[in-house]
Each structure stands twice: as C-alpha cells, then as structure tokens.
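Colleague: Pasting the sequence and the predicted coordinates here, then a few questions.
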6 protein chains.
Amino acid sequence: MARRILLLNPNVTEAITQTMVEEARRVAGPGTTIVPATARFGTQYIENRVEAAIAGHAVLEALAEQAPGCDAAIVAAFGDPGLFAAKEMLEIPVVGIAEAAFLTAYTLGRRYAIVCLTPRLAVWYRECAEDHGLAGRLVSVRALDVPPSDITDAKAQTGRKLVEACLEAVDRSGAEVVIMGGGPIAGLARTVAHEIPVPVLDGVSCAVRLAEGLVDLAPRPALRGSFARPAAKPSRGLTPALRAWVERDDAPE
Amino acid sequence: MARRILLLNPNVTEAITQTMVEEARRVAGPGTTIVPATARFGTQYIENRVEAAIAGHAVLEALAEQAPGCDAAIVAAFGDPGLFAAKEMLEIPVVGIAEAAFLTAYTLGRRYAIVCLTPRLAVWYRECAEDHGLAGRLVSVRALDVPPSDITDAKAQTGRKLVEACLEAVDRSGAEVVIMGGGPIAGLARTVAHEIPVPVLDGVSCAVRLAEGLVDLAPRPALRGSFARPAAKPSRGLTPALRAWVERDDAPE
Amino acid sequence: MARRILLLNPNVTEAITQTMVEEARRVAGPGTTIVPATARFGTQYIENRVEAAIAGHAVLEALAEQAPGCDAAIVAAFGDPGLFAAKEMLEIPVVGIAEAAFLTAYTLGRRYAIVCLTPRLAVWYRECAEDHGLAGRLVSVRALDVPPSDITDAKAQTGRKLVEACLEAVDRSGAEVVIMGGGPIAGLARTVAHEIPVPVLDGVSCAVRLAEGLVDLAPRPALRGSFARPAAKPSRGLTPALRAWVERDDAPE
Amino acid sequence: MARRILLLNPNVTEAITQTMVEEARRVAGPGTTIVPATARFGTQYIENRVEAAIAGHAVLEALAEQAPGCDAAIVAAFGDPGLFAAKEMLEIPVVGIAEAAFLTAYTLGRRYAIVCLTPRLAVWYRECAEDHGLAGRLVSVRALDVPPSDITDAKAQTGRKLVEACLEAVDRSGAEVVIMGGGPIAGLARTVAHEIPVPVLDGVSCAVRLAEGLVDLAPRPALRGSFARPAAKPSRGLTPALRAWVERDDAPE
Amino acid sequence: MARRILLLNPNVTEAITQTMVEEARRVAGPGTTIVPATARFGTQYIENRVEAAIAGHAVLEALAEQAPGCDAAIVAAFGDPGLFAAKEMLEIPVVGIAEAAFLTAYTLGRRYAIVCLTPRLAVWYRECAEDHGLAGRLVSVRALDVPPSDITDAKAQTGRKLVEACLEAVDRSGAEVVIMGGGPIAGLARTVAHEIPVPVLDGVSCAVRLAEGLVDLAPRPALRGSFARPAAKPSRGLTPALRAWVERDDAPE
Amino acid sequence: MARRILLLNPNVTEAITQTMVEEARRVAGPGTTIVPATARFGTQYIENRVEAAIAGHAVLEALAEQAPGCDAAIVAAFGDPGLFAAKEMLEIPVVGIAEAAFLTAYTLGRRYAIVCLTPRLAVWYRECAEDHGLAGRLVSVRALDVPPSDITDAKAQTGRKLVEACLEAVDRSGAEVVIMGGGPIAGLARTVAHEIPVPVLDGVSCAVRLAEGLVDLAPRPALRGSFARPAAKPSRGLTPALRAWVERDDAPE
C-alpha cells in the first residue's frame, strides 16, 4: 500500500514547510511518502483574507505542477486557502489541515474550540469552519494577545500560552475537543496532550490520517456536480502548468 | 501497528454480522484484526425508534463485555444506535457506520444523499445525521418503495433498485456524494461504484478507515466534558459487566 | 371525563416516583387518575447518555406492560429518555416532562432557561431540547457546582441554590421563563415561584396539563409517517410484553 | 375550577366569531365559559400584512376593554395578529390559535403542514410560524387555488378541497400532522379527521385546551423581561381603555 | 432627478420628527425633497410590542393619506413598525430606518452591533433584525442602564454613554460595525464617528441613501407574490383614505 | 458630489468589461465617473471555484494598482471573487455585483431567486449568497440547460431563455424578486423588466447605486476588526503594487 502524499505549504516560508513535513512523516503510516512543496509566491505566513486570496491562486499553481504522480494532496495552511478549488481541480483526494481537524473533532466530542496565534487568524479560522459547514459545534476560537515575534519559532515562543488558551477553552467555553490551529505549530498538540483534559488535535496529523484513509478507500472521482472537472476555457497570464489544466481538451462533457 | 477493532452488530441477526465483517476485513489495513460481535437481544434488523432504543441498550451491554482488549469499536448499524452513549462509556475510539460515512461525504462534496431500503429507515437516518450535526449538507434520503422480503438477501434482491435510487439522487437532488445506508448492504457501494457518476460510500468501509485512523492518532480520552467517564451510580437489573461499569469505583471526580 | 394517566419513572428509585406522583396528583384535574410506574432496570437516577440509553429500553418495556388501559402516558425523567420511541409505540398520547415544560415555555416568553442539579444533566437537557426542535429559544442551562449528596432529598438540600440559579438565569442570561429540570425536584417550582420575577415551570405539572389536554383533544393516531405503528419483526431476548408488541400481527402495512 | 376565557375575533365579521365560539364551546372543559368578542374596526377577514397590522391594533383595543374579568384570552385569527403585544399587555395567559396548533403539532409528530384557503394566507401563516420560532418542523403550507366566494361559508364551499390538500400534504410533503388553518373553518378538522391518516388539528380547539391548561397551571406574570408590563408613556388618539393602559401609573419599575 | 421622499415618524412626537427630518435633509442628495409626516395616534415614542402594534396601524393610516405624490417613503422609527405591511401597500419603495442600517452594516463588516436607549428597545430591535432575516451577523444589542428622562433631549443626555456602549460593542463583542438605533438620536453617529474605531451608522441617513437609490433604480412593482397589492375586502371603522385603499376596485386579480 | 468609481472586471475579457461599463454609465448619477479595469490574468469568464480562486488574486493585484484615486470600487463578476479580501485591503468602499443585488433583493421582497447561464455558475452563486450571510431568503437558482456558445454574445443568444427562467422562478419557486446573475448579461434585466411580474435586478446597476450611496455616506474606515488593514508581512513573487501594499510600513498597530 505505497502512497505518495503531497504536502503543500501555501505560504512562502520553507522553514514552516519543514516543520509540517517533519510532523507529517512522524505520524504517516508504513508505505506513505510525504512529498513537500512550498508556494512560489505569496506571504511569509497567511493570516487574513488578502493573504488567503493570494495563497488560493498559489495553491492551484503549485498543484498543477506538483500533484501529478501523487495519490493525495494536503493543503497545509490552517484556514485551507484554495482547498475547495483544489478539490475541484484534481481527481486525487485533496484535504485541508483545518478540514481534517474539524472532521476529527466531530467524532470525538460535541463542542470543539480552536486556539491560535493571532486575532486575525481567529476570524479566518472561524470563517473556514463555516465554509466547511462544520461551525455548528465550534464553541470558541481563542487567540493569543501577543503573537510570536518570529513565526518560525512560534512553538517555542508561544507554546505555554497556547496550552493556557486550551485550558481556558475547556473551562470557560466547555470545549470537549481542542484544535491547535496553525501550520507553524504543527506537532505541538502531540507534545502537550497530557496537560489538557480533553483530546487536543493538530491539523497536520489529522490530515495525514484522513489523506491515507481516502487513498485506501479510493472513491471514484466525480463526473457530475460541482467537483467534477470543469470544461476548458481560454485564459491569459497563467503559468504553463495551470494554463494546461484550464485550457485542456480532455475536460468532461 | 497491530489494531483490534470490535465490529458490533446492534441487531440480533448473525448473517448480517457476517456480511459486515467480510466487508470490513476486505478493506482493513495490514495489522488490523476485526473482532465480530452481535447483540444479545433486540430485533432482526433495526428500522425505527422503538428498535433503535432497544438496540441502544444492547450495544452498551455488549460493549461492556466485549470491548475490553480492543483498540476501537464500530457500532455497525446505520443509524448508529447507542453510539453517543458508547463514546461516553469507553476510553477507546468508538465510531458509527453512519457517522463515518457522513464525515467522509463532507470531505468529498458539498451535497450528499443517502439511499436506503425502507421509508422508516429514511426517517431514522435523517434524524441520525441531525444528531451528528451533519445534516446541513444532506439533500435527500431516498427509500425503496418495495423493501426486500429477506433482509439477509437485501443486496441481491434490491441492488439494481438501489443503484437507480443513487442515480436519481444525483439527477434530481444534485447529490455530489451518495451513501448506501444499511448494514445488510455492506459492500454494495464498492461493487457498483462504476455505475454512479459521483463517489458512492459504504458505512462499514468508511468506519474501518476512520477507526484505524483514530487508533493511530491516539487522542487522549476525555477527563472533562460530557464524554468523560461519568461518576458511578447504584443500579438494578443490569448484566454483570454493564453493572460493573455503571457502579465502578474508579470513575473520575 | 375520566382519564387514566400513566406516570412512568424511567429510573429505578421509587422514592422519586413517589415525589413526582404527589406533584402530579396535586395538579391533576377532576376525573384524572395518576397511575404510577417505575422502571424494572436501570440506574438510581439518570444523568448521562449511558444511563439514558439504558432507560430508553426500560421505558419501552414498562409501557408494553403497563400502558394498556391508560389514556395517556408521561415519561417522567427530565431529558425524556425513550420518549420518541414511546410515541411511536403507543396509540395513546405520550408526553415527556421536559417536552411539556419546553412547549409551555414557548407560550410564556421568548427566551427560556433551565436550571438543574449537575453539569452532566445540563448537557443532556440541552441535547433534549435540540431533539425536540425547541432549543432555538433556550438561552442558558445552569447547573449547580455541588450536586446533592442524596438525590431523593434534592429539594431540601439544593432548593435555595436552585432559586439562586434561577435568579442568575434571569439577570445574566435574560431568561423570560425558567424551567426547573429534574424529576427529583418536582414541585419545587410551585413553592418558590413567588421568589422569581418570571414564570418558573416544573416538568411534571406541565406534563399533566399537556397529557390531559391531549386526552380531551383526542387526535387520531397516525397511520402514516414515522409515528405510525411499525411493521412486526422477529426479535430475541425481549420480555413477553415487549416481544408481543414487536412481533405482533396486527401492525399496519 | 371556573374559568372565563375571552375568545376575541380580530376581524369584524360576527358570523366568523360565532363559528369559532361554537367550536370553542363544544370542546371546552367543565367550568369553562367562553366569552365572545369581535374587533371594532378592521377587515372582513384577515389575509395579508396590511390587514394583520390593522388587526394588531384592534386586538389591543378590544383586550383593553374586554379582558378585565377574564382568566385567559384567545386571539382567534390564525396568523395570531397582535398576539405578542397582547401577551405583553395582559397578566392573564393569552394564546393564539395558530400558536396553539403549532405547539400541539410539535408533540404529535416531527413534520407538520398547514392547509389554508388562499395563497396570501399561506405566506402569512408561514411567517407566523417563524415568529413563534416553530417553523423548523413546518414542511409545507398548501393553499387552495380557488378561494371560497363567501368566507362565512368557507367550510361548506371548500371542505372537500381542504381534505384533498391534507392528503397531499401527507403524501407529497411527508407531513405527520396537519393543521387546518383559519378561523372560518373552525371545527372542520374534527369532522374530517377519519379521512386523513395522521392527526389533523384545528386552531380553536387547540387554543381552548392550551388556555385552560395555562389557567390551571397559573404561572406567575413576568415582572422582568420583554413580557413584563412596560412603563407608562404619554399617548394621543387612543380609545379610553387603551389609553388608560398605556398611560397608567401602576406600571412596574 | 427630482425625488420626493416621505419621512414618516410612527410616534406622535413632532419634535422627534423634526430631529429626523433635519438629519435627512443634511444627507439628502441634490434633487431630493424630504416630506415630513407624524402619526395621528400612538405613543410619545415606541419601545415595546404594544406600542409597535399601535404604530403599525398608524403608519398605514398615514401612508394612505400622505404617500400619494411621493416617490418613496421612509418608516422612521428604529424597529420598523408596520414596515412589511407598508411595502405591501404601496407601489413606491418603502424602507425602514432599521432595515437600511442593517443592510448597510452587511456590506461594511461581518459582525455588527446595535446600541440603544433602553432594554425594551433592545428586545424589539433584535426581533426587528430577525424579521428582516438579517440577525445572522448581529452579535450584540447594548442598552443604557439609565434611559434619558426626556426622550426629545436624548442626544444631549445620553450621547457620551452611547459612545461608551459603542466602544464596548467593539471591544467585548467584536463588532465590526455599530448601529446607533433610535429616531431620537438621529445624527449622533455622524458627530461621534471619529471616536469609534469602526464604521458607525445612523438609521435615518442610511434610509435616505437607500430610498434615493431605489427611486433611481426604479424596480417595477410586484404583481405577484406577497408584496403585490392584495385584493379588495370589505372593512369597518377605518379612516376614509385607508378604507379607500382596502376596499378599492383597482386591486389586481 | 464628484465620485470616481472603479469598475473592475475580474476576468480577462475586455468585451465583457465594456458591456458592464456601458450599463454602469447608463445608471450612474450625475457627478459619477466610471473607471473601467480588467484583470491582467485569469480566464475568459469565471464559472467555478478554480477560476474564482485565480480571479481573487487578480482582483487584488488590479486594485493595488488602480484603486488609488478612486472613491469606491466595484468587483464586477457575479460571485464576487476576492471581494472580502478587497474590502479588507482598501479604505474606500468596495462592493460586489452579487452582494449589491442580494441586498437590494432583501428590501424588495421575502424570497428571491437567481437565474444564470450555466449549472456551474448556479453552484458558485449559491455559495456566494451563503458567504454573504444572505442565502436565508434565496429560494432558487436556475441555470440554462444550454449555455451560450459565445459568452460575449450571451444577452442575444440566451435572453429569451433567461426570461423564461425568471418566470419559472416566480411560478414554481414563489420568488418575489429575481436577480439576473452574470456580468455578461448586464443590462438585460432593465430591458425585460416589463415581462416579469416581480422586480428583476441586475448586479451592475445595483452595485453602482450601492457604491454611490456609500461614497456619499462616507463611513469611516475600520481601524479594528477583520476589515481593518492588516499588519505588514514579508512576501515573495508579487507585483510591485501588491507587494507595496503587503509589505508597507504604514499598517496600523
């Protein structure tokens, strides 16, 4: 059961890609190869609608080039920029790290919370849950007052404060599951789980599990509906790989 | 990564247990052992609120006896009788076959439908989706007009009609994913997938994938909230194993 | 207008049955006979999903034996275990004490709250309101921090604290109606009503009123839909009365 | 247990008042006196927002004069014009005939429908259910294509068509309870109940039951929240009784 | 582009009409004439359901007389009494000052709050947002603890406290837009905007903009649906102008 | 009252820009200058999530260059790609043509429908309404079975069919307002309005009205919340203007 899973970081910071890939490889099952990728353009990390909109395009551009040969892809920024477009684009399973964490939270409790690094992220993460139709059980999104000065060192700088935020989510909001949201803190949930009296989840590890499961389940790609590959269309100004996808002749129907 | 997964059939028909176990073993990953179990009391199959309420108790009774030694449990009747109680009862992951199919549908499309054998099942399945907080994207539940005369032969008797119902769900309700609901038809989705232009799911295989993923993810059991093990309480008229659980001294707090 | 109303306590504690029957008889109209019944198996009181699932079966077993000859039945544990199944089972009106209180709250205000004895009850009661489709106006569920040491003495031990909780529900949550939830405190609402500046309700008295009204209204039993009596089905391990109901020959269609 | 219940018709047609009073007296319990009243100004019957807005004022004017001495009041136009204001105005229970039917439908099934005489009524009735927070289980509102030529003869002219509409609500919309909406057809539900395979309700009889139950339950009037009597305020152009209420000195707080 | 816009105050206090007209004229575009009107009957100001129900009738009576010759009408009490009836009644655009503020808030942010003078207003304003289907993004309604002693001097008496309430709405409820609700404080938002770190809106100015835009857009009046002019109907006790509208012969279909 | 309004077409087809600009200029008020712009990269028109994600980036890139000097901007593709990011980016009002049509529909009726050129557009438009929190009153989205062969000639090729779709939306779905969705058909609503018995709207004209109104209202830009300008952040691969915005030093806080 060999599986190649593309882990695509939608921001341009390779240190964050590296952090996530390490966690992904730690949890991946036997036979799984994690293939790293980083967006060609965009911002250092992604925190608001402007940066997410830029990243949405970057995700598609990267997938057009790098998804061929992979069995599944992970859009690895919590907030899932470009995810629904990516699912529409590719015939392999594509999952987001927020999506995977939300779905896992649904099976582990009735009320979940998210903790994250900044207030702008909090807004974006909530909207992400709404977009997935999975905000009905989201009881709280808690952000740190003081964000990390160096996003690539977020785990070390903010780990203790994030644990406190998790405990508050349990005590004050009645959260039964807590998600630690954000690619830069991938792996933190695993190392602090024993300090938090409810299940605490990490988007990257949930996404690896979900992607592996979908590869093995092997659902057929949609030929109908809004996730079937759309018809070709003339374009302008796209990279060759993305243009080839948009203008291709092999589109169904 | 050896995993023992209890597959518990909440009705009393062992032929249905057998059908589900076969499908479960077909899709299980390397290292997974499927441990079959069947309810001690209840009905031939489960179709309405009365039968589901009886099954809810039977599920708990069976889990109290048979879950020890397992790494996860599957409540294997679509409709998930007793599932939330079972999650509360056990510290290992417990998943339902309806729940697993719903969560998988959420990642594969925006609108899903269920097809099933009888109108009463249709009501129960819809209420099940609502209980999970996952009915927001359920666009249709389609039942056969003529149920099978022999539930243990449902796949042979009704397979073609169920495929037609799937096609109608796509054409008329705009379903982007279809779930074939019902333990007795476990495996049918796999064999007819090529006839249906969208992903078609089977509760048993989705549940095996989800249970395996959760075993590997190993979230810590809840010590707080409504899925933490409750305090002990005096009881009357329960089987020894269930009584031992209810009256135990080791309950937290 | 003679009416026999079965008041069924889904837990196994006869002292609680007695408390509820006394309140029911106090408020019952002329011509109403309250017929007490207590579950044969289950727990001392019912506080969580495990206990409610056991009680759901116990309710059906008791109704199969004791409902014949009655004009209506009350499932008398706040949280309404087994209620929807009981409505499906019987052709006489069946009401729950939570349901009756919720419906009464809807006619008396726009925002209601529930106060109750323990945090686990709070979760169950909220889910009960959701199951009834009546949580849209539920603004708060408040539980005591310290539950009573003896549930059969709950009124005496916790009465003052429950009144304080009611006042908080009004002051902090803007409740316009307060429900005192829980069979063991039946009657408390009546005795403390003058201390609380909004209507305060008791499930038992609301249920007696609702059951009497339905007996007099005499709606015809459903022959269609999910509350029509379901078709017979083979069973195993049920008590004679419940088995007779499940396997009967007279079921419609 | 003597109870005086004011039955107030918000339109100006006394023949409709008479029809409703007859039905109310038929179902009223021993000890209940039905006191009839008809709006002083307004329209022949009430069918749209304009007419309902006029009726809202007429209801308050009539209640200010005629409610004193009564134990409860029924606002007897399906659509409940002025009902929430009336609840705020009076310290006795006030119920609407639509409200009473909706609450009864909630206890008898999971999906209810309304049938009514005209398409404009259908819109108003749906908005009424939404205002009560009770539209979540409303699956259909069916209007006749051809309204009656004489509203006071609506039962005779349209009875058969309304029965057909009820059957369609069951067959096509899956209604488990049907409400026959509209004061002019009060009593029709009772006479055709045997033709419809699910419970069929009539607003007037449900309202009498509900009002009687509330009189006997005797909840204390609200001193807080939006149903407490508001503070006095200067006015202009109101009738003496309504002005006395609006400008009174005895208002709380 | 000459436009005559009727600004109708649904309460009976001409000083409040004057305040609103001044603000309306300040913001109106070139070519717009603001035509003032005040209700003939009702209360000094409008704060609860009773007063709003009376005002609903007064609005229709006033429009029947004074709307002819105007190009649009503004119902100028926050809470929009009688607004939906007025839209149904007239073929010119009719907008409410609450409605206009809510719609403007939707385009300026994702979460809005309302600040207002009294707790009763807070309830009414929230229900108003619900009636418009625009409460989904309403995160808070904040009322002053101490209402103004003289409503016609509300801006001077309570201006500072209302600004504080706005700041709290931003800080504690995360409001991204704040609406200052209430006709008597028309214009306050404009003068304090620089003190509040998010857009702050005033119903009157939003309504003038919306009404002007609709006049220029000139949508055709509805001939179908619930906003088409209803059929004529006999009436009793109405003023000549309103009776002429209700009983007219020119109603469609 | 001179106003410069940027009308930005998010697809790359200048003929569509031209169609929309003509309609915009036809409806613009005195003093309004419409400034046309077209995306630098992307697809011929925008129909699905992939194309919308690309357009989201293109919109931001174009605004970064061309918005300076304008008083408001219109994102002129129905579906509003990149709109929320654009609102976050700029301190001038930014409106979408779908958003403007939805808000206008809310004030003109209770149930609205959208008609559009293709089934993929129908999905995207519905999701757009959900993103705006304005889908609660959307009763139908109707797409043509046969899309136009030449999108720039869509009005001529599909005009009659779109009118028929509007009539169906009224007759079968009870729509009280119909929106003709899609930039390429800008102006069609105006020319066919007399054929449709309810108000029919066009995104471009609604957006011009809304933008003009917001310019005149002049709300202050947000300094707090998720529409305040975000902090600067390092970037890679962006155009100079967009990079200057992302990395700027003048960002608040």
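Modeller: That came through, no problem. Numbers count the residues shown, from 1 in each chain, chains lettered A, B, ... in the order given.

Colleague: Skipping adjacent residues, who's closest to A:His194 in space?
Modeller: The spatially closest residue to A:His194, leaving aside those adjacent along the chain, is B:Arg220, at 7.0 Å (CB to CB, 6 or more residues apart in numbering or on different chains). (C-beta placed from N, C-alpha, C; glycine too.)

Colleague: With chain E as the reference, measure out to that neighbour.
Modeller: B:Arg220 is 31 Å from chain E, where distance means CB to the nearest CB, to the nearest Å.

Colleague: which sections of the stretch 51-200 of chain A are below the confidence cut-off?
Modeller: Along the stretch 51-200 of chain A, no part satisfies pLDDT under 70.

Colleague: Where does the residue in the stretch 1-150 of chain A that chain D sits nearest to sit: helix, strand or coil?
Modeller: Nearest residue of the stretch 1-150 of chain A to chain D: A:Gly136, at 14.3 Å (CB to the nearest CB). Put simply, A:Gly136 is coil when judged by DSSP: H, G, I helix; E, B strand; the rest coil.

Colleague: got it, and the one 3 residues further on?
Modeller: Taking three-state DSSP as the rule, one finds A:Val139 in the strand state.

Colleague: what residues are up against it?
Modeller: If you count contacts by CB atoms under 8 Å, 6 or more residues apart in numbering or on different chains, A:Val139 has them with A:Arg111, A:Tyr112, A:Ala113, A:Ala169, A:Ser173, A:Gly174, A:Ala175.

Colleague: picking up where we left off before, count the residues that sit near the residue nearest to A:His194.
Modeller: When neighbours are counted by other CB atoms under 10 Å in any protein chain shown, B:Arg220 registers 14.

Colleague: Could you do the one 3 residues further on as well?
Modeller: Neighbours of B:Leu223 under the rule other CB under 10 Å: 15.

Colleague: confidence score at it?
Modeller: We have a pLDDT of 97 for B:Leu223.

Colleague: Surely it is in contact with A:Pro199?
Modeller: No: contact criterion CB atoms under 8 Å: B:Leu223 and A:Pro199 do not qualify, at 10.1 Å.

Colleague: from memory A:Pro119 sits against A:Val146, does it?
Modeller: No: counting by CB under 8 Å, A:Val146 is not a contact partner of A:Pro119; they are 10.8 Å apart.

Colleague: can you list the domain ranges for chain A.
Modeller: Domain assignment for chain A by automatic domain parsing gives A:3-96+A:207-247, A:98-203.

Colleague: In JSON lines: the ones you listed, plus distance to D:Ala101.
Modeller: JSON lines is the format used below for these (distance: least, CB to CB, whole Å):
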{"stretch": "domain A:3-96+A:207-247", "distance to D:Ala101": "40"}
{"stretch": "domain A:98-203", "distance to D:Ala101": "30"}
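
Colleague: From D:Thr19, how far off is the closest residue to chain F within the stretch 101-250 of chain A?
Modeller: Going by CB to the nearest CB, chain F is nearest to A:Gly237 of the stretch 101-250 of chain A, at 2.7 Å. Using CB to CB, to the nearest Å, we find A:Gly237 at a distance of 73 Å from D:Thr19.

Colleague: The two: who's more crowded?
Modeller: Shown here are A:Gly237 and D:Thr19; by other CB under 10 Å, D:Thr19 has more neighbours (22 against 15).

Colleague: what does the stretch 1-150 of chain A have sitting close to chain F?
Modeller: Residues of the stretch 1-150 of chain A lying close to chain F (CB under 8 Å from any CB of the partner chain) are A:12, A:40-45, A:47-54, A:56-60, A:82, A:84-85, A:88-89, A:120, A:123-124, A:131.

Colleague: Pull out the buried members of those.
Modeller: A:12, A:41-45, A:47-54, A:56-60, A:82, A:84-85, A:88-89, A:120, A:123-124, A:131 (16 or more other CB atoms under 10 Å in any protein chain shown).
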